[in-house]
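>>> Sequence and predicted structure, then a few things I'm wondering about:
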Amino acid sequence: MRKSTSIGLISGFALIVGAILLGNTWGKFFDPASLLMVVGGTAAAVVVNYSFEDLKRAIEMTQDLFTFEPPSLQRRLDQITNMARTARREGVLALDRHIDDVDDDLLEFGLEMAVDGMGEDEIAGMLDQRIAEMKSKRQLVADFFTQAGTYAPAFGMIGTLIGLIQMLNNLDDPSKIGSGMATALITTFYGALLANLAFLPLGDRARKQNELRGKAHYITREGILAIARGDSPRMIEQRLGFLAEDEIDEEAEDAEAEDAGAESTEDATDAQPAAAAA
Amino acid sequence: MRKSTSIGLISGFALIVGAILLGNTWGKFFDPASLLMVVGGTAAAVVVNYSFEDLKRAIEMTQDLFTFEPPSLQRRLDQITNMARTARREGVLALDRHIDDVDDDLLEFGLEMAVDGMGEDEIAGMLDQRIAEMKSKRQLVADFFTQAGTYAPAFGMIGTLIGLIQMLNNLDDPSKIGSGMATALITTFYGALLANLAFLPLGDRARKQNELRGKAHYITREGILAIARGDSPRMIEQRLGFLAEDEIDEEAEDAEAEDAGAESTEDATDAQPAAAAA
Amino acid sequence: MRKSTSIGLISGFALIVGAILLGNTWGKFFDPASLLMVVGGTAAAVVVNYSFEDLKRAIEMTQDLFTFEPPSLQRRLDQITNMARTARREGVLALDRHIDDVDDDLLEFGLEMAVDGMGEDEIAGMLDQRIAEMKSKRQLVADFFTQAGTYAPAFGMIGTLIGLIQMLNNLDDPSKIGSGMATALITTFYGALLANLAFLPLGDRARKQNELRGKAHYITREGILAIARGDSPRMIEQRLGFLAEDEIDEEAEDAEAEDAGAESTEDATDAQPAAAAA
Amino acid sequence: MRKSTSIGLISGFALIVGAILLGNTWGKFFDPASLLMVVGGTAAAVVVNYSFEDLKRAIEMTQDLFTFEPPSLQRRLDQITNMARTARREGVLALDRHIDDVDDDLLEFGLEMAVDGMGEDEIAGMLDQRIAEMKSKRQLVADFFTQAGTYAPAFGMIGTLIGLIQMLNNLDDPSKIGSGMATALITTFYGALLANLAFLPLGDRARKQNELRGKAHYITREGILAIARGDSPRMIEQRLGFLAEDEIDEEAEDAEAEDAGAESTEDATDAQPAAAAA
Amino acid sequence: MRKSTSIGLISGFALIVGAILLGNTWGKFFDPASLLMVVGGTAAAVVVNYSFEDLKRAIEMTQDLFTFEPPSLQRRLDQITNMARTARREGVLALDRHIDDVDDDLLEFGLEMAVDGMGEDEIAGMLDQRIAEMKSKRQLVADFFTQAGTYAPAFGMIGTLIGLIQMLNNLDDPSKIGSGMATALITTFYGALLANLAFLPLGDRARKQNELRGKAHYITREGILAIARGDSPRMIEQRLGFLAEDEIDEEAEDAEAEDAGAESTEDATDAQPAAAAA
C-alpha cells in the first residue's frame, strides 16, 4: 500500500498541532476568521484563474492523489503479450473478440485501430495525441495545487497587513499590542502551513504520479505498435519487459514479501530471464 | 456561463472589504493618496515598458478576459465537416460560394487558400504563421498583467519606505508613531492585494484562455488541411471529433443539463460513436 | 509619436517626488551620500561584470531606448517589392545599380549577395548569422539594465545595513534613533526606486524593441530570399504583406488619424486587399 | 581520496557549533522540540511528495554521495579496447566467453546484444533507454535533497511563527520576551542551517556525480557501438582515449603523486600518445 | 587594456569602506569572527558541493577572470588564411611542417586531423566534442562563483540568527542590546557584500568570457573545416572575416587610438573591404 500522501499530511498536521498544544495559548491558534481570510482569498485568486469546469475537474482528480496505485506494468505487459500471441496465431482481426477483456482505455483504443487495419504511423499519431491529451488533463491538478500554494502565503501576508494596520491604529491600550500582533500573525501562519504542508507537496505529488502514468502509457504505446507491426510475441515480451524492468523488480519484491508463491511473482520471474537474455 | 473571473474578483474583494469593515478602524484603510502611489507607480513602470499602442491593445483585450466564451469545438467541427462534404460533392471550387457562411476568420482564410488551389504545405505554412501571430498578440495581455503584478508590490514597498522615513523623522510625538506606521503599511497592503487578487490571476487567466483558443486553432488547421488534401468527410469528422472529444462531452453535458433535446446534444451524440469507432 | 518610455519615467519620478514633497520632511529624502552608495555600488558590480567596451556600447544604445521608432514594415515592403520588380524585368544583376537607394544595411547586404549569384541556402545562412549577430549585440543593453535592476536593491540593502549598524552602535542618544533609522532606510528606498521605475522597465523595453526589430529582419530576410529565388513580385508582395499585416493596419490608422490622404495610407490599402486575397 | 562531501559537512557544522560555543548561551541553541518541528515538518512535506518506495531508494542512494568514486575512465577504456581486440581476432561471438570478466552492468548488457548479433541502431536504442533509466533513477536523490532544502526553511519559519504567536500572547512578564523570541528564532536557524549546509549542497553534489556517471556511460556506449560496428581496436582506443582525456590526465597525476611506477600511470602514458596522435 | 574586473572590485570595496570610515563607529565593521563565519560557512557548503579536484581547478581559473584578454580574432583569422594558402599551394600534407607555428591548441588539433586525411564530418564531430569539453570545463568557474554567491547571504543570515539568539538571551543589560544587534547584523552585511560585489558579478563575468572564447572557437572550427574541404583562401578570409567583423572593428579602433600605423590596423583594413564585398 502506498499511502504516503495521507500519512505525510496527517503526521505533519499532527506534529504542528502537537507543538501548538504544548504551549499554554493553544486557543489563540484556532481563529476561524483568519482561516476564512486565507482560504477564501486563495480560493478567490484561484477562481479568477480557472473556469468552473476546470475547478470541478481539479477537485475530482484530487482524491486520485490519495488513492493512486501506480499502474501494474507487469499486468499491462501480460495483456499485451497475450494479445500479441492471439494476433500471431489467429490474425490481427481475431483481437476484436478479446478487446473487451482489456481493462485499459488506451490499450483498447489502440487495439481497435490495429484491428481496423490502420497503418503504424497513423496509429502512433493517434496514440500520441491521446496520450498528450491525457497528460495535459492530469497536469491540471498539479498546476492547481501549485497555484494555490503560491497564493496562500500571499493572502496570509495580506491578512497580517490588515491585522497590523488595525492594531497600529489602536495603540491606546498598550496591553493589547501583543495579542493584536499575535492575531495578525495567525494568517501568515495559516498561509505558510497550507502552502508548505499541503498545496505545494500535493502539486509535486500530482506531477510524480503523472510521470508514472506516462511510463505505463509509453509501454502500452510501444506494445500496440509492435502488435500492429506483427512483431513476434517473444520479442515484444523481451523488449517491453526490459522497459518495465525496475517496476517489475519492485512488484516482485513486494509480492515476495507478502506472499512467497503469488502469481505475480511467477510472472515476474518469467519476465526477468527473458529481459536478461535480450 | 463561465463567469468565474468576475465572481472570483468580486468575492475576493468582498471578503477583504468585509474583514476590514469588521474592525473598528476601517476608515484608515481607504487612503486615496496611497492608492494613487501604488497604481500610479505601477502604471508608470508599465508605461516605460510598453508602447502606447500596446497598452491600448492590452486594455481593449482586458474585457475579453471577463466575457470570454471558449470557442465551441462542436460548432467548428460541424462547419468543417459540412465544408468537407461540399468539397467532396461539388469540388473544392464550390466552397467559394459558402465561405461567407463561415464565422471564423481563420477558417475563412484557410478555405480561401484551398479554393485558390495552393498546396497543402504552403497552406500549412501560412496558417501556422497566422496562428503564431494571433497567439503572440493575445500573449500581450497576459504579459501585461504579469508585469503589473510584479511592479505593484514593489511600488507598495516604495510607498511604505517613504511613509516610514517620514514617520521616523517625526518621532517627537510618540502618540503618532502607531498611526504613521499604519499609514505607511497601507501601500504595501494595496500592492499585495492588487497583485495577488487581480493582476497575477488575470495574467494566468489570459494564458489559459489562449490555450483554449490554441486548441480551436489547431482543430481548424487540421480541418482545412484535410479538406485541401481531399480526405473523406467521414474521416475528417472522426479524426477531429477525437481531437475535440473532451470539450464536446462537456458541452453535451451542459446542454443536457439545460435543455434535454437541444441541437448541440444531437450533434454531440452523433460525433461520439464516430469518435469511439475510430 | 511613441514617447511612452520618457513619459513613464518622468511621470513616475514626478509622482514619487510629489508624494515626498507633500510630507514635511522632504529635505531628508535627498541624501547625496546615500545616492552615491547605491549608484556607485551598482556601477561597481556592473563594471566587474562587463568589459569597458561593452559598457560603452550599452550606454550608447541606451538613448535608442528613448528615440526608437519601430521600423516601418510598409516602407520595407515597398522597397523589397520594387527590387523584386526590377529583378523580374531587368534580371538580378540590374539590382546592382539600385542597391544604393536602399537605406537598410541588412537589405543591402542581402541584395549584394543575390547580385553576386550566391545560392539561396548560402544567402540564408549568411543572413541568419548577421541577424543573430545584430540581435545579440542589441541584447547587451537589455541584459545591462536587467543586471543593474538586480544589483541596485542589493546595494540599497547593503547601505541600510551599514546605517543600521552605525545607528545601533550609537544608541546613547535615543532622540537620534528615529532619524538614524530613517537615514539608513534611504538607500533601500533609492535602490527599490531605481530598479523598479528605471532599470527593470528599461531592460524589458529593450527586449520588446528587439522583438520589433527582429520582425523587420525576418520580413527582409524572406524578401531577399524570394528575390534570389526569382519569385514573382506580386507573390512576394502578398506573402510579405500578410506577414506585416498588423503593423501596417496600425500605421494606416495612425496615418488616417493624422492626415486622411497620405501616401502611406494608400500603400496600406493597396496591400490589404492583396493580403486578404492570398 | 575524494572525501570533500564529508569534510565540507563536518567542518561546516564544526564552524557553526564553535561559533555557538564561544557565546555564553550555547545551551539555548540545542532545543530538541525545535529540531523535531523542523525535521518532522520537512519530512512530512517530503513524504506527501514521494512514495515510500522512492523514499527508501533515495535514502539508500544517499550514502553513495559520500563514498562515490568517479568511475575510472582509463579502466573502462582498457576493458573496451581488450574486448575490441578479442572481437577482431576471434570474432564477435568469442566475446561471450569474456563477458563475465566485465564488472560494469552497462558494458555487459551492451556486449551481450553485440554477441546476439543485434544491429547497431537497435543496440544504440536499447543502450540509450537503459542510460536514461539509470539517470532518471539517480536523479531521484538529487531532487529529494533539493526538495528537502526548499521545505526546511519554510518549516523553520512556521516554527518561528508559532513561537512568536505564543510569546506575544504571554507579554505579562516582560523579562521573558527576550528568551521567548530567542526560542522562536531557533527553528528558523535550524531550517536555514539544514538547508544551506546539508540539503541544498547534497542535492547539487548528487547532480554533479550524475554528470560524471553520464560521461562514463557515454564512453561505454560509444565503445560498445564501435565493437558492434567492427571498428579497429586502435581507432577505438584513440577515439575513446580522446573522450576520456581530461580525467585520465588527472588520474595519472594522482597516481604519480602517490606512487611513481604504478600500473595505472603506465596505462595513462600509453593512452596519451595515442590520443595525441589522433 | 580590459581591467574592468579589478577596477570594479577595487572601486566597489573602496566605496563601501569609505562609507564606513565616514561614520564614527568604523571599528565595529571589522569583525574577524563574523568574517570567518560567513566565509567559512560558504566554503563548507561549496566543498560539500564540489570535489577537491574541481575546487582546485576553479581556483586556478579564477585568476584568468582578471587577466583575460579576449582572443584576437584578427590574428586567428590570419593564421587560418595562411594555412589555407599553404594547403592550396602545396597540398594539405604540407601543413604538417607549419603546425608548430600555430599557438592555439584547437587549431593545431584540427589541422592535424586534416593532415591525417580525416573526413570533414569526422573532423567536425571531434572538434565539436573538444569545444564542448573546453566549454564545460570553463563553465565550472562560473558555476562556482554563482554557487558561492547563493550561499554567502544564507550564511550571513545564519550568523545573524546566532547573534540575535545570543543577544535575546542576554537582555539583562539593556545598554548592550544595540551593540549586540549591530554585531549580529555584521554577518548579513558581509554575506550581502561578498555576494553582490564579488561572487555574483565574477560568476557572470566568467560566463561572458566563455561566450567570447566560444566565438573564437567557432571561427577556428569553421576555418579548419574550410581548409579540410579545400575552400579557396580568399573565400575563407571573406567568410570568417564577416564572422569576426565586429571584434576586428574594435581592435582596429583600439590600435588606431594607441598607434596609428600598427600592423593590426592594416590587417583590419585589409579584412574589412573583403568582408564588405562578401
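Received it, and whenever you're ready, just let me know what you need. Residues are numbered from 1 along each chain as shown, chains lettered A, B, ... in the order given.
>>> what bits of chain A have low per-residue confidence?
Chain A contains residues with pLDDT under 70 at A:1-2, A:245-278.
>>> By residue count, which helix of it is the longest?
In chain A, assigned by DSSP state H, the helix with the most residues is helix A:120-168.
>>> Do any residues in it lie close to chain B?
Yes. Interface with chain B: helix A:120-168 contributes A:126, A:129-130, A:133, A:137, A:147, A:151, A:154-155, A:157-159, A:161-162, A:164-166, A:168 (C-beta under 8 Å from any C-beta of the partner chain). (C-beta placed from N, C-alpha, C; glycine too.)
>>> Spell out which parts of the stretch 151-278 of chain A neighbour chain B.
A:151, A:154-155, A:157-159, A:161-162, A:164-166, A:168-171.
>>> Using PyMOL, define a selection of the buried residues within those residues.
In PyMOL, this line selects whichever of those come out buried by 16 or more other C-beta atoms under 10 Å in any protein chain shown:
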select buried, chain A and resi 151+154+155+157+158+159+161+162+164+165+166+168+169+170+171
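>>> tell me which element the residue in chain A sticking out farthest from the centre is part of?
What lies farthest from the middle of chain A is A:Asp172; by C-alpha atoms, centre = their mean that is 52.7 Å. Assigned by DSSP states H and E, A:Asp172 belongs to no helix or strand.
>>> next one: phi and psi at it?
phi -60, psi -40 (degrees, to the nearest 10).
>>> residue contacts, it?
With contact set as C-beta atoms under 8 Å, 6 or more residues apart in numbering or on different chains, A:Asp172 has no partners.
>>> Same check on A:Thr150?
The neighbours of A:Thr150, taking C-beta under 8 Å, 6+ apart as the test, are A:Ala195.
>>> Repeat that for A:Arg221.
Per C-beta under 8 Å, 6+ apart, neighbours of A:Arg221: A:Leu106, A:Gly110, A:Ala124, A:Leu127, A:Asp128, A:Ile131.
>>> for the third one, what are its contacts?
Looking back up the chat, that one is A:Ala124. Per C-beta under 8 Å, 6+ apart, neighbours of A:Ala124: A:Arg221, A:Leu225.
>>> Once you drop chain neighbours, what's closest to the residue of chain A found nearest chain E?
Nearest to chain E, among the residues of chain A, is A:Gly178, at 16.1 Å (C-beta to the nearest C-beta). Nearest residue to A:Gly178, sequence neighbours excluded (C-beta to C-beta, 6 or more residues apart in numbering or on different chains): D:Leu171, at 3.7 Å.
>>> Isn't the one you found up against D:Gly180?
No. Checked against C-beta atoms under 8 Å, the pair D:Leu171 and D:Gly180 is beyond contact range at 9.1 Å.
>>> so how far is chain D from the residue in the stretch 1-150 of chain A that chain B sits nearest to?
At 2.9 Å from chain B, A:Ala44 is the closest residue in the stretch 1-150 of chain A, using C-beta to the nearest C-beta. As judged by C-beta to the nearest C-beta, to the nearest Å, A:Ala44 and chain D stand 23 Å apart.
>>> Just give me the neighbour total for that residue.
When counting by other C-beta atoms under 10 Å in any protein chain shown, one arrives at 25 neighbours for A:Ala44.
>>> Chain C contacts on chain A?
Counting by C-beta under 8 Å from any C-beta, chain A has no residue next to chain C.
>>> Now do the strands in chain A.
With strands called from DSSP state E, chain A shows none.
>>> what about the longest helix of chain A, distance to the chain center?
Averaging C-alpha positions (C-alpha atoms, centre = their mean, to the nearest Å) puts helix A:120-168 13 Å from its chain's average.
>>> Also stretch A:14-33?
31 Å.
>>> got a list of contacts for it?
For stretch A:14-33, using C-beta under 8 Å, 6+ apart, the contacting residues are A:179, A:182-183, A:186, A:189, A:193, A:197, B:19, B:22, D:33, D:36-37, D:40-41, D:44, D:158-159, D:162, D:165-166, D:169-170.
>>> Next step: those residues restricted to helices.
A:179, A:182-183, A:186, A:189, A:193, B:19, B:22, D:33, D:36-37, D:40-41, D:44, D:158-159, D:162, D:165-166.
>>> A:His98 reaches A:Met83, doesn't it?
Yes. Under the criterion of C-beta under 8 Å, A:His98 makes contact with A:Met83 at 6.7 Å.
>>> The two: who's more crowded?
Using other C-beta under 10 Å, the more surrounded residue of A:His98 and A:Met83 is A:Met83, with 26 against 16.
>>> The more buried one against A:Glu112, yeah?
No. In terms of C-beta under 8 Å, A:Met83 does not count as a neighbour of A:Glu112; the distance is 11.8 Å.
>>> buried sites along stretch A:46-61?
So for stretch A:46-61, counting by 16+ other C-beta under 10 Å, buried means A:Val46, A:Val47, A:Val48, A:Asn49, A:Tyr50, A:Ser51, A:Glu53, A:Asp54, A:Leu55, A:Arg57, A:Ala58, A:Met61.
>>> Tabulate those in JSON lines, adding columns for distance to D:Asp231.
Listed next are these as JSON lines, based on distance: C-beta to C-beta, whole Å:
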{"residue": "A:Val46", "distance to D:Asp231": "59"}
{"residue": "A:Val47", "distance to D:Asp231": "63"}
{"residue": "A:Val48", "distance to D:Asp231": "62"}
{"residue": "A:Asn49", "distance to D:Asp231": "57"}
{"residue": "A:Tyr50", "distance to D:Asp231": "57"}
{"residue": "A:Ser51", "distance to D:Asp231": "59"}
{"residue": "A:Glu53", "distance to D:Asp231": "59"}
{"residue": "A:Asp54", "distance to D:Asp231": "56"}
{"residue": "A:Leu55", "distance to D:Asp231": "60"}
{"residue": "A:Arg57", "distance to D:Asp231": "55"}
{"residue": "A:Ala58", "distance to D:Asp231": "55"}
{"residue": "A:Met61", "distance to D:Asp231": "52"}
